[in-house]
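Colleague: I'd like to go over a predicted model; first the sequence, then the structure.
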Amino acid sequence: MPRRPSLDSLQASLRRLRLEEKQQILDWLAQEIKAEIELAESSMIVNTTITSSNAAIVEQQHYEGKTYQLEKRRCGKIECICMNGEISEVGHGPYWYAYWRESGRLKNIYVGKRAPWGTTNRKRQLTQASNS
Ligand SMILES: [Zn+2]
């Protein structure tokens, strides 16, 4: 078991600090807590989307504060081939979707076939487009 100081001994040590040192600890602790909550929220985003019955996640990336998911989705049209079978096989795509939180609300947008970060696939597609 890793050595972990008890709360009592920590408090005793902290009590011996000077006022501005206590203030520094307070600021640091506030940042630690904020970071931990943000981390928990970003994993909540993942859980929310994974349980969606209309999407199959192919790949997941974190980029510039957002969660990007490469998903195959059902379009919802009754006649469409995507409505019968496993989403991972018959779903449309895969396409990238971005997820993030704004004032506590989960938001998402359609990104498209290309991820916002550069890939070698992109170069290949551009070359093909200019040849045709
Ligand atoms: Zn469809």
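Modeller: Everything's here; your move. Numbers count the residues shown, from 1 in each chain.
Colleague: the helix or strand hosting residue 93: partners in the sheet, and parallel or antiparallel?
Modeller: Using DSSP states H and E, residue 93 sits within strand 92-102. Sheet pairing here is set by DSSP bridges, and for strand 92-102 it gives strand 66-73 (antiparallel), strand 105-112 (antiparallel).
Colleague: ok, how many other residues are close to residue 55?
Modeller: 20 (other CB atoms under 10 Å). Just so you know, the C-beta spots here come from the backbone N, C-alpha and C atoms, and that holds for glycine as well.
Colleague: residue 70 is in contact with that one, correct?
Modeller: No. Look at residue 55 against residue 70 with CB atoms under 8 Å: they stay out of range, at 10.2 Å.
Colleague: which other helices and strands does the lengthiest helix in the chain contact?
Modeller: Once the chain is assigned using DSSP state H, the helix that runs over the most residues is helix 19-50. Contacts defined by 3 or more CB pairs under 8 Å, 6 or more residues apart in numbering; DSSP states H and E place helix 19-50 against strand 55-63, strand 66-73, strand 92-102, strand 105-112.
Colleague: which one of the ones you listed lies nearest to residue 34?
Modeller: Comparison of these against residue 34 by CB to CB identifies strand 92-102 as nearest, at 13.5 Å.
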